[in-house]
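[1] Test case, fold it:
(one chain, ligands or ions: 1)
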Amino acid sequence: MTTDDEGACNICCSKATQKCAGCQTVYYCSKEHQKKDWKMHKLLCTPARVKEDPEVGRYFEATRDIRAGDVVLKESALITGPSQVTPPVCLGCYQLLEEGKAVPCELCGWPFCSEACSKKVEHTPECYYTQQRGEKVNISTFGTPHPNYQCLTVLRCLYQRDHNPKLWAKLQALQSHCEERRCTEKWNHDKKMVVDFIWKFFKLEGKFSEEEIMKCCGILQINAHEVPLTEPEHVALYDRISMVEHSCRANCNKSFTSDGELLLVAGVPIKAGSHLSVCYTDPMWGTEGRRHHLADTWFFECHCERCSDVTEFGTNYSAVKCKKKDCKGYLLPPTFIVPILHKTLSPDPASRSLDDKLWRCARCRDQVSDAVIQQLLQDIGRELSVMPKGDADACEKFISHCSSYLYPSHYYITDVGLALAQMIGQDSELGLAGVMPDRLALKTQLCRKIADLMETLAPAETRSRGSVLFELHAAVAETGRREAMTDGPAVLLGYVTESRKILQQAACLLRHEPPELPEGRVLRQAKENLVQMDQLIQNLSNALPSPM
Ligand SMILES: C[S@@+](CC[C@H](N)C(=O)[O-])C[C@H]1O[C@@H](n2cnc3c(N)ncnc32)[C@H](O)[C@@H]1O
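    I've put the predicted structure just below:
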């Protein structure tokens, strides 16, 4: 307990001056009363509290200093369901269904992977409304997106209104942006594919109004998480974690546990009083891409510290090469924070990605219109989208070609560089041992550069950085193995020691990843490699003559 200001004891309401040291939000008059309360309080004890702000709405603020890697919140889902666009999946475990292997629910006909899954409580809503409809469902096409699944997670939310008012109240308290969504294409799509379907197929026209259904669509759009634990992904809504705000340079990240709980983990040390944030969009996108995605999906214009700095902390991640003769400078606009929400709300495809801003060279001060830059970026984007997948030579060619137009760590070059770094070693039967020396050096250089860039741009994105560092440790160890052939074991010891340090960092960054996900499998491999490396370091150290 910590002693600070004054409040009412959480047990007896008498004057209390001691606070819970974990969350700093509840008071106790004595140690005994804190002990008495712990069974209940531990369910709510988090080092953060919800606050409200006119711009962001509700958000979390740290109530004490939090260490990097600490779990700030852990929550089970309020509702889970299939993704809106999905091929037929089991409505119990969300795994893909195969034709001829699906087992229909004996009450309603929706297909499952097993009879046991058809009895799961998650299935109750659609089973209930299908039985009420009076005709079983018959799904006959598998493997491609099926329209009948588009409304199911919304239906699972609506069911709570009459069957679980407490849960309904929690869902209704989540942000849905109904007003802003009303002008979007997605709104019209949802009206047809969700509202009309629920009314006609399930015969629920008199039961749920358009407003109620569309609000549930919005709650899912704004708050649902894609859960990657199943193939294909399914979606889940959480309660308190929905309050975490966005930042393009967030201080927290989210991880799933094997059983679908969501963890909010501090990615960097967080000071008491700071806002907690996660990155809603892809932090490895450029500033304009991130800002448009946030405006289109979550209806706000991001003003975070990263969006506010055109150089993105000196990385020049969105900078374009100056084409003035003999100039080696790079162009950036004076700001990326231009109004864009109106484009989401009343889209005009002709001017969608254009602004009247000018891009200026930091060296020769030459200015180029936004239209010219956007055309260049579009052309490069198109080139990227038709590039053959898994082709290391094509990646190298792309990087070399784009280097005439973009800053060396531009997001397009980084994106392809990352893919290339991962490919080197995977494309050879012998793994890294079969890679040519220049490619091994390239992999090492790319991994180092990208891991550093990730740390600067998005230090809490531990999943991506952990994976890159894992790749780097392997490249460093392989370089050591090769150099030891000519330079001896002392050189090998140096490389293995460095590789182990990088691997330890990777394992630490990935420590919350479950074994079902690729990063969890990397973590398991990292732990095994650490044991082997310790052994190798020990053997090498014993074999080398003492320096004394
Ligand atoms: C998942 S909700 C977060 C909780 C929300 N603030 C609330 O009160 O329910 C996402 C919404 O919060 C708001 N929001 C989150 N981060 C923001 C930010 N950095 N700037 C402005 N609005 C933000 C946006 O309205 C967004 O659509």
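[2] Close to the ligand: what parts of the stretch 51-200 of the chain are there?
    Within the stretch 51-200 of the chain, the positions lying close to the ligand (Cβ under 6 Å from any ligand atom) are 55-59, 174-175, 177. From N, CA and C alone the C-beta is placed, and that goes for glycine too.
[3] Just the buried ones out of those, please.
    58-59, 174-175, 177 (16 or more other Cβ atoms under 10 Å).
[4] what's across from the residue of the chain found nearest the ligand in the sheet?
    Using Cβ to the nearest ligand atom, the closest approach of the chain to the ligand is made by residue 57 at 2.8 Å. With DSSP bridges applied, residue 57 shows beta-bridge pairing to residue 53.
[5] what's the answer for the one 4 residues further on, then?
    With DSSP bridges applied, residue 61 shows beta-bridge pairing to residue 49, residue 275.
[6] what number of residues lie near it?
    When counting by other Cβ atoms under 10 Å, one arrives at 16 neighbours for residue 61.
[7] ok, now residue 216?
    For residue 216, the neighbour count with other Cβ under 10 Å is 29.
[8] Check the burial of the residue nearest to it when sequence neighbours are not counted by counting its neighbours.
    Distances taken as Cβ to Cβ, 6 or more residues apart in numbering put residue 157 closest to residue 216, at 4.2 Å, once the chain neighbours are dropped. When neighbours are counted by other Cβ under 10 Å, residue 157 registers 26.
[9] Now do the contacts for residue 157.
    Residue 157 sits next to 79, 171, 216, 219-220, 237 when contact means Cβ atoms under 8 Å, 6 or more residues apart in numbering.
[10] Among the buried ones among the residues of the stretch 51-200 of the chain next to the ligand, give me the pair with the biggest separation.
    Greatest spatial distance in those: 59 and 177, 16.1 Å, computed using Cβ to Cβ.
[11] Quick check: which ranges of the stretch 401-548 of the chain have low pLDDT?
    In the predicted model of the stretch 401-548 of the chain, residues 547-548 satisfy pLDDT under 70.
[12] Tell me where it has strands.
    Here the stretch 401-548 of the chain has no strands by DSSP state E, counting those that start in this stretch.
[13] The residue of the chain closest to the ligand contacts residue 175, correct?
    Yes. Between residue 57 and residue 175 there is a contact at 6.3 Å, judged by Cβ atoms under 8 Å.
[14] Could you give the number of residues near residue 14?
    By other Cβ under 10 Å, 12 other residues sit near residue 14.
[15] how about it, phi and psi?
    Main-chain dihedrals, residue 14, degrees, to the nearest 10: phi -80, psi 170.
[16] For the spatially closest residue to it that is not a sequence neighbour, grab the count of nearby residues.
    What sits nearest to residue 14 in space, not counting adjacent residues and going by Cβ to Cβ, 6+ apart, is residue 29, at 5.0 Å. A total of 19 residues lie near residue 29 under the criterion other Cβ under 10 Å.
[17] Can you name the residues of this protein that neighbour the ligand?
    The chain comes close to the ligand at residues 55-59, 174-175, 177, 222-223, 242-243, 245-246, 298-300, 302, as judged by Cβ under 6 Å from any ligand atom.
[18] Next one: residue 77 from residue 241, what distance?
    Using Cβ to Cβ, to the nearest Å, one obtains 10 Å as the distance from residue 77 to residue 241.
[19] Which neighbours do these two have in common?
    Common neighbours of residue 77 and residue 241 are listed as residue 262 (criterion: Cβ under 8 Å, 6+ apart).
[20] Tell me where the stretch 51-200 of the chain is predicted with low confidence.
    Low-confidence segments of the stretch 51-200 of the chain, defined by pLDDT under 70, are absent.
[21] Tell me where it has strands.
    Along the stretch 51-200 of the chain, the segments classed as strands by DSSP E, counting those that start in this stretch run 57-62, 71-75, 79-82, 103-104, 111-112.
[22] Which parts of the stretch 301-450 of the chain are helices?
    Using DSSP state H, counting those that start in this stretch, the helices of the stretch 301-450 of the chain run over 305-308, 341-345, 370-385, 392-402, 411-423, 437-457.
[23] quick one: the second one to chain centroid distance?
    Meaning helix 341-345. Relative to its chain's centre, helix 341-345 lies at 24 Å (Cα atoms, centre = their mean, to the nearest Å).
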